[in-house]
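Undergrad: need coordinates for the below:
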Amino acid sequence: MSADSPVKVVPLPERSAPGYQGIVDHLRREFILGRLRPGDRLPSERALAEHLGVARETLRQAFRVLEGSGQIVITRGARGGAVVQAAIVDPMRIRADVDTLAGSIIPLTEYRSIVEGAAASLAAERRSDADLAELVSAQQDLLASDTLDGSRHADTRFHLAIAAAAGNPVLTSAIEDARVQMFTTVDLLSFPFVKDSSYSAHGAVLDAIRAGDADAAAAAMRAHLAVTREEFRRLFEDR
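TA: Just a heads-up that it's a prediction; the model follows:
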């Protein structure tokens, strides 16, 4: 796909908030998960409104909010449209909120360990060849990535591919929700993505899932997120 080609956007979930706020929340969720990245061009207003099943005026209202927060920029003309922008962090907010944020992110990693450990266990029992191929592809993307956004996208692909392989939509929703909450904090504090340890930990999880070893898959995922928790703890201590 060329840089000028519009990206695919995940449909609005049934539980979305009504009106334009539901669209704002949905697109921000996609930004945080890394499925929509800086530089991505969204589909045309008409095409995106039809895809999301909303009126064009409702979509315009959502775009005005996202443009006002600096998360998209809209240009006019034949090659115009909405393009995703990198998040701008307010340093004053960081200093004011760091203690509160530190108190929320560690429990989130513990929650992720419980939920994603269960997902990894089920994935080892239920995965298909297509599931394994998606996990391998996500790992290859992570290895090749040289940007924060690219790494985040590959990491999200890997974790959500495990959720998909588990075959439980409730688990998938819980994992997405936890990632959105955690990375909202991570992005605000401008923490780096620790790529090398994530790639290595993903490999252990993938090996266990490929072998169909449910206990080993759960243990590998819990170990991965325990390391993540300690990495965040050290980062907070260093601030």
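Undergrad: burial count for residue 150?
TA: Close neighbours of residue 150, defined as other C-beta atoms under 10 Å, add up to 17. Using the backbone N, CA and C atoms, a C-beta is placed for each residue, glycine as well.
Undergrad: I'd guessed it sits against residue 141; true?
TA: Yes. With contact defined as C-beta atoms under 8 Å, residue 150 reaches residue 141; the gap is 7.3 Å.
Undergrad: and the residue nearest the centre of the chain, what is it in contact with?
TA: Nearest residue to the geometric centre of the chain (C-alpha atoms, centre = their mean): residue 33, 1.7 Å. The neighbourhood of residue 33, defined by C-beta atoms under 8 Å, 6 or more residues apart in numbering, consists of 152, 156, 160, 176, 179, 180, 183.
Undergrad: secondary structure element holding the fourth one?
TA: Of the helices and strands defined by DSSP states H and E, residue 176 is found in helix 169-188.
Undergrad: next helix or strand past that helix?
TA: Sequence-wise, the next helix or strand downstream of helix 169-188 (DSSP H and E) is helix 195-211.
Undergrad: and that next one, what does it pack against?
TA: Packing partners of helix 195-211 (3 or more C-beta pairs under 8 Å, 6 or more residues apart in numbering; DSSP states H and E): helix 91-126, helix 129-144, helix 148-166, helix 214-238.
Undergrad: break this protein into its domains for me.
TA: Following automatic domain parsing, the chain resolves into domains at 19-84, 91-238.
Undergrad: ok, back up a step: rounded mean pLDDT for the helix holding residue 176, please.
TA: In this model, helix 169-188 has a mean pLDDT of 84.
Undergrad: that one packs against which elements?
TA: helix 19-33, helix 91-126, helix 148-166.
Undergrad: residue 48: which of the helices and strands packed on helix 195-211 is closest?
TA: Nearest of the helices and strands packed on helix 195-211 to residue 48, taken as C-beta to C-beta: helix 148-166 at 20.0 Å.
Undergrad: contacts for that closest one next, please.
TA: For helix 148-166, contacts defined as C-beta under 8 Å, 6+ apart pick out 33-35, 37-38, 86, 116, 118-120, 122-123, 126-128, 131, 134-135, 137-139, 141-142, 144-145, 171-172, 175-176, 179, 183, 192-193, 195, 198, 202, 205, 209, 221.
Undergrad: off-centre distance for that helix?
TA: On the basis of C-alpha atoms, centre = their mean, to the nearest Å, helix 148-166 is displaced by 7 Å from the centre of the chain it belongs to.
Undergrad: ok, stretch 156-176 next?
TA: Per C-alpha atoms, centre = their mean, the centroid offset for stretch 156-176 relative to its chain is 11 Å.
Undergrad: CA atoms only: put that stretch into CSV for me.
TA: Taking C-alpha atoms only, stretch 156-176 is exported to CSV below (Å, rounded to 0.1, in the frame of the first residue of the first chain):
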residue,chain,number,x,y,z
THR,A,156,-0.5,-5.2,19.1
ARG,A,157,-0.8,-7.6,16.1
PHE,A,158,1.0,-10.3,18.2
HIS,A,159,-1.1,-10.0,21.3
LEU,A,160,-4.4,-9.6,19.5
ALA,A,161,-3.5,-12.6,17.3
ILE,A,162,-3.2,-14.7,20.4
ALA,A,163,-6.6,-13.4,21.5
ALA,A,164,-8.1,-14.4,18.1
ALA,A,165,-6.5,-17.8,18.3
ALA,A,166,-8.1,-18.3,21.8
GLY,A,167,-11.5,-18.0,20.0
ASN,A,168,-13.1,-16.1,22.8
PRO,A,169,-14.5,-12.6,21.8
VAL,A,170,-14.9,-11.6,25.5
LEU,A,171,-11.2,-12.2,26.0
THR,A,172,-10.3,-10.2,22.9
SER,A,173,-12.4,-7.2,24.1
ALA,A,174,-10.8,-7.4,27.5
ILE,A,175,-7.2,-7.5,26.1
GLU,A,176,-7.9,-4.6,23.7
